[in-house]
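Peer 1: The following comprises the amino acid sequence and a computationally predicted model.
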Amino acid sequence: MDVPEKGALAGLGLEFVRVTEAAAYAASKMAGKGDQKGADQVAVDAMRNALNALDIAGEIVIGEGERDEAPMLFIGEKVGTGNGPKVDIALDPLEGTTLTAKGAANALAVIAVAEKGGLLNAPDTYMEKIAIGGGYPSGVVDLDTDPAENVRVLAKAKGVAPEEIAACILDRPRHEEMIAKVRSTGARVKLISDGDVAGVINTTDPSTGVDIYMGVGGAPEGVLAAAALRAIGGQMQARLVFRNDDERARADRIGITELDRKYELSELARSDVLFIASGVTDGSLLGGVHLRGGQVHIDTLLLSSAHNEMRWIRGRHPLGVFGD
């Protein structure tokens with residue numbers, strides 16, 4: 001049964017589940033083939049086609065680049081028939097292109113939807129992030145605090161020793177100092193090669209063993225992760241990171257003038273949101289796409305901020321339902 005929503009999001013939950021399912025299925029056929037660009041492209045094509053079949057007046061506010069980088073789903077692209085509610089869309093048709101190419105775990109097809117103006121319109125740059133799950137005092141961790149100190153204050157808030165804290169960090173050379181500081185407290189570090197949307201969401205689920213996410217990753221993934229936390233609870237801060245004048249110009253073109261601004265969760269995702277992720281490959285958050293008994297099996301996570309609700313949907317579809 002679909003999740004009843006408010007306003008522009010009313011009745012759209014399952015419609016967007018079908019969108020991420022289509023992208024996940026398309027990408028899954030490229031799993032293990034070593035072709036990152038090819039996997040991303042088929043996911044983009046499937047997601048665009050599915051979005052354009054919906055009765056919405058949608059605009060991509062978080063995508064894979066700008067108009068001149070099409071055929072990616074670009075920032076500012078209009079999707080849907082244009083006849084339905086006006087919604088902002090953040091998406092990553094394939095979160096984990098490298099993971100998919102290698103046939104590795106945790107690749108996802110992800111989308112977040114909000115009423116017009118509900119999501120930060122961020123450029124396709126990098127973003128510094130820190131996130132924890134729900135149940136902690138407001139402001140217990142801070143983006144501008146030393147990583148070791150964040151671990152210590154989080155441990156105190158949780159009522160455990162720092163040795164019992166686990167931090168999820170992207171395995172990148174830029175994070176070597178951060179990793180060393182976290183480990184200096186005795187805390188554990190869970191390094192991931194890709195997939196920081198799942199990394200942030202894992203902070204909300206005690207079964208994953210992840211307490212805090214920190215580091216620099218993609219800005220699109222940051223807004224998507226914020227939408228998920230808005231739906232199910234948690235804290236997050238973020239700041240855009242610009243490597244050159246071209247990236248600063250991208251921000252200027254979409255109206256971002258405070259380049260050093262530290263964004264709170266409520267600024268990244270400002271209103272009620274739907275967050276939907278379908279598994280491409282098996283992972284800690286969702287199972288991947290599998291063909292069994294002549295059917296396509298796809299696992300999807302649907303989060304609704306209007307109800308602070310989390311639902312797992314196990315889809316079964318006949319072969320050919322996605323047009324192949």
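Peer 2: Thanks, I have it.
Peer 1: which residues of the chain score low on pLDDT?
Peer 2: Filtered on pLDDT under 70, the chain yields the residue ranges 1-7, 65-71, 324.
Peer 1: those helices in it, which residues are they?
Peer 2: Using DSSP state H, the helices of the chain run over 13-28, 36-52, 97-102, 147-158, 176-184, 196-201, 219-232, 245-253, 265-268.
Peer 1: so which of these is the most packed in?
Peer 2: Sort these by mean neighbour count, taking mean count of other Cβ atoms under 10 Å, and helix 196-201 sits at the top with a mean of 29. Where you see a C-beta, it was placed from the backbone N, CA and C, and this is true even at glycine.
Peer 1: Pull that helix out as PDB, backbone CA atoms only.
Peer 2: The C-alpha trace of helix 196-201 is given here as PDB (Å, rounded to 0.1, in the frame of the first residue of the first chain):
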ATOM      1  CA  ASP A 196      28.300   7.700   0.900                       C
ATOM      2  CA  VAL A 197      24.500   8.100   0.700                       C
ATOM      3  CA  ALA A 198      24.200   4.600   2.200                       C
ATOM      4  CA  GLY A 199      27.000   5.500   4.600                       C
ATOM      5  CA  VAL A 200      25.000   8.400   6.000                       C
ATOM      6  CA  ILE A 201      21.800   6.400   6.200                       C
END
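Peer 1: mind checking how far it is from the chain centre?
Peer 2: 7 Å (Cα atoms, centre = their mean, to the nearest Å).
Peer 1: Equivalent analysis for stretch 283-299, please.
Peer 2: Using Cα atoms, centre = their mean, the offset of stretch 283-299 from its chain centre is 20 Å.
Peer 1: and if you look at stretch 132-147?
Peer 2: On Cα atoms, centre = their mean, the centre of stretch 132-147 falls 20 Å from the chain's centre.
Peer 1: For that stretch, list every residue counted as buried.
Peer 2: Of all the residues in stretch 132-147, those buried under the rule 16 or more other Cβ atoms under 10 Å are I132, G133, Y136, V141, L143, P147.
Peer 1: Which among the helices of the chain is found nearest to L119?
Peer 2: Set against L119 and scored by Cβ to Cβ, those come closest in helix 219-232, at 6.0 Å.
Peer 1: so A23 makes contact with S278?
Peer 2: Yes. Counting by Cβ atoms under 8 Å, S278 is a contact partner of A23 at 7.1 Å.
Peer 1: Distance check, the residue lying closest to G217 once chain neighbours are set aside against E128.
Peer 2: Leaving out its chain neighbours, the residue that sits closest to G217 by Cβ to Cβ, 6 or more residues apart in numbering is D196, at 4.3 Å. According to Cβ to Cβ, to the nearest Å, D196 and E128 sit 12 Å apart.
Peer 1: Now for these two: what residues contact both?
Peer 2: Common contacts of D196 and E128 (Cβ atoms under 8 Å, 6 or more residues apart in numbering): G215.
Peer 1: Could you chop the protein up by domain?
Peer 2: Following automatic domain parsing, one gets these domains for the chain: 7-119+273-318, 126-268.
Peer 1: distance of A112 from D35?
Peer 2: Distance, A112 to D35, using Cβ to Cβ: 27 Å.
Peer 1: more neighbours, those two?
Peer 2: Neighbour count, other Cβ atoms under 10 Å: between A112 and D35, A112 has more, with 31 against 14.
Peer 1: Next, the contact list for the closest residue to the more buried one other than its chain neighbours, please.
Peer 2: Leaving aside its sequence neighbours, A112 sits nearest to A227 (Cβ to Cβ, 6+ apart; 3.6 Å). A227 makes contact with A90, A112, A114, L119, L268, A269, V273, F275, L303, S305, according to Cβ under 8 Å, 6+ apart.
Peer 1: May I see those residues organised as JSON lines, with distance to G315 added?
Peer 2: Shown next, in JSON lines, are the contacts of A227 (distance: Cβ to Cβ, whole Å):
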{"residue": "A90", "distance to G315": "22"}
{"residue": "A112", "distance to G315": "19"}
{"residue": "A114", "distance to G315": "24"}
{"residue": "L119", "distance to G315": "25"}
{"residue": "L268", "distance to G315": "29"}
{"residue": "A269", "distance to G315": "25"}
{"residue": "V273", "distance to G315": "21"}
{"residue": "F275", "distance to G315": "17"}
{"residue": "L303", "distance to G315": "16"}
{"residue": "S305", "distance to G315": "22"}
